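Engineer: Sequence and predicted structure below; questions after.
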Amino acid sequence: MAEILVVCLIKKLASTFTSAAMRRVVSRAASLRQLEQKIRGIMRNLELMRAFLSYADKYRANDELMGVWVNQVREIAYDINILADEFTYLTSGQSRRTLKSHLYSAFTSPQNTKALHHLLNDLENIRKELDRLLETEEKYGFRMTGGSPSSNKSLHLAESAHFIQEEEMVGFDKHTDLLMRWLMDAESQRTVISVWGMGGAGKTALVTTAYRAEMVVSHFGCRAWVSVSQSYDAHDLLKRIILALHPERGQANHPHRLDSIPSRGLVEILKSLVHPRRYLIVLDDVWHKEVWDDVGSALFDNGCGSRVVITTRNQEVASAAVDIRVMKLEPLQEYDAWTLFRKEAFGRDNDGSCPPELEGLARRIVEKCDGLPLALVSIGRHILRTEETKMAWKSILDGPAWGKRANLDLLKISTNLNRSIDGLPHQLKNCFLYCSIFPKGHVIKRKSLIRLWVAEGFVREGAERTAE
């Protein structure tokens, strides 16, 4: 998320440099004209980096070189931020009444003159470092074409929900029955079914249970499951649906390879594949309502009782299609959450019995999972491999399992959270991450928080509204 820092820094430099006081100082000091040129040069480089970093943060998880580069940019951004504060202090007065006199004397004071010379030297060093980083980017050729590696990791983790066993679906009996009825009813019109809820609520696992059911398999003439993810490509999505329905099209010796066919041609191919049959298409983890615009025309109503199932954490996406049935998944109730956790943590062979001396700690761990099946299953499996002692379990409750990627199971929780954060607009990311500076249990006052956001430059004024 270094791009957020650079954006705020560009705004800060621009605000500092274009102020009326700054312009008056420029007119009085030749040395400041050098400073002007250096700041403008740095701002140009920062603008280039801002555009690049808007993509780079998505790649850094799987690209070690990219991660190092982004961290170096962040360090430089911090250095520039400090210099901007020093410059503002040197060129502004102690009070509004004496501002003019302070500006006038800013360069007659030996102390200020020396400080400004240091600023010039520091800015020159930073300019060289920025140039070096830009050359590094060109030298190693960081590329943004194709699917994002971080997106591929997210797809892999999302698809891992297919391996959740049916007996692990606790507290979803009513949802499963309703979903099965929607899939199997006598309605001949193609129907879109949307299952939505927050990340980790069990959407994918629920739909997987129905998708694998024998009666569903025999009911539909063809089925396809495609994970869409956040940074989807329309052409790639159409291609993956076709390959799921007709794997032979992906073979190297096939006369009509899909890569060379434009999206309009892929739509026609998909239509021809589903036209004569009752089809079931699952679009898992949809983030954007435009997905339906891209594939909806191909998944047309063939009058055979076809179904399209969408899983999403976005209510707007859940209601994107016209002929849609919507199911919302809420977090598990306390009893169901405890039952699911016991199954995973204590093993099915042991009837899910929790040692009495550990039950207090276990229930506190369950409470931390907030009723999310993904969290309960992941932490339960982690505890299954942990020594059954109070010390070991307390270290899990208070330790790195909640804040670090200790193993692959916990990585699933972290990945779901990261994908939710990555989906936020840049200004909201900044506001959200700012909340992490407050200690646990701290009471955050809404108005105070908003003012802090405004002071940091995270919130901007609108056409007819103030920043607050």
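Structural biologist: Sure thing, it's come through.

Engineer: can we go C-alpha only for contacts and neighbour counts from here?
Structural biologist: Fine.

Engineer: Helix or strand: which one has Q189?
Structural biologist: Assessed by DSSP states H and E, Q189 sits outside every helix and strand.

Engineer: Look up how far L178 lies from it.
Structural biologist: Q189 sits 18 Å away from L178, going by C-alpha to C-alpha, to the nearest Å.

Engineer: and if you look at L130?
Structural biologist: For L130, the distance to L178 (C-alpha to C-alpha) stands at 58 Å.

Engineer: what residue ranges in the stretch 301-450 of the chain are flagged as low confidence?
Structural biologist: Judged against pLDDT under 70, the low-scoring parts of the stretch 301-450 of the chain cover residues 321-323, 348-352, 399-427, 440-441.

Engineer: try 50 this time
Structural biologist: Scanning the stretch 301-450 of the chain with the threshold set as pLDDT under 50 gives 401, 403-409, 411.

Engineer: residue ranges for the helices of it, please.
Structural biologist: Across the stretch 301-450 of the chain, reading from the start of the chain, the helices by DSSP state H, counting those that start in this stretch fall at 315-318, 334-346, 359-368, 373-384, 390-398, 408-422, 426-434, 446-456.

Engineer: my read is W225 is in a helix, agree?
Structural biologist: No: following the definition DSSP: H, G, I helix; E, B strand; the rest coil, W225 is strand and is not counted among the residues of a helix.

Engineer: who touches the nearest residue to it once chain neighbours are set aside in this structure?
Structural biologist: Computed as C-alpha to C-alpha, 6 or more residues apart in numbering, the closest residue to W225 that is not its neighbour in sequence is V282, at 4.7 Å. Contacts were defined as C-alpha atoms under 8 Å, 6 or more residues apart in numbering; by that measure V282 touches A224, W225, V226, V308, V309, I310, T311.

Engineer: repeat that with 6 Å
Structural biologist: Contacts for V282 (C-alpha atoms under 6 Å, 6 or more residues apart in numbering) come out as W225, V308, V309, I310.

Engineer: Count the neighbours of the first one for me.
Structural biologist: For W225, the number of neighbouring residues by other C-alpha atoms under 10 Å comes to 18.

Engineer: Against E290, how distant is the residue nearest to W225?
Structural biologist: Taken as C-alpha to C-alpha, the span from V282 to E290 is 16 Å.

Engineer: The contacts of V282 into JSON lines, with extra columns for distance to R446?
Structural biologist: Listed next are those as JSON lines, based on distance: C-alpha to C-alpha, whole Å:
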{"residue": "W225", "distance to R446": "43"}
{"residue": "V308", "distance to R446": "42"}
{"residue": "V309", "distance to R446": "39"}
{"residue": "I310", "distance to R446": "35"}
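
Engineer: May I see the PyMOL selection of the buried members of those residues?
Structural biologist: Here is the PyMOL command that picks out the buried ones among the contacts of V282, judged by 16 or more other C-alpha atoms under 10 Å:
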select buried, resi 225+308+309+310
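
Engineer: Alright, I will stop here.
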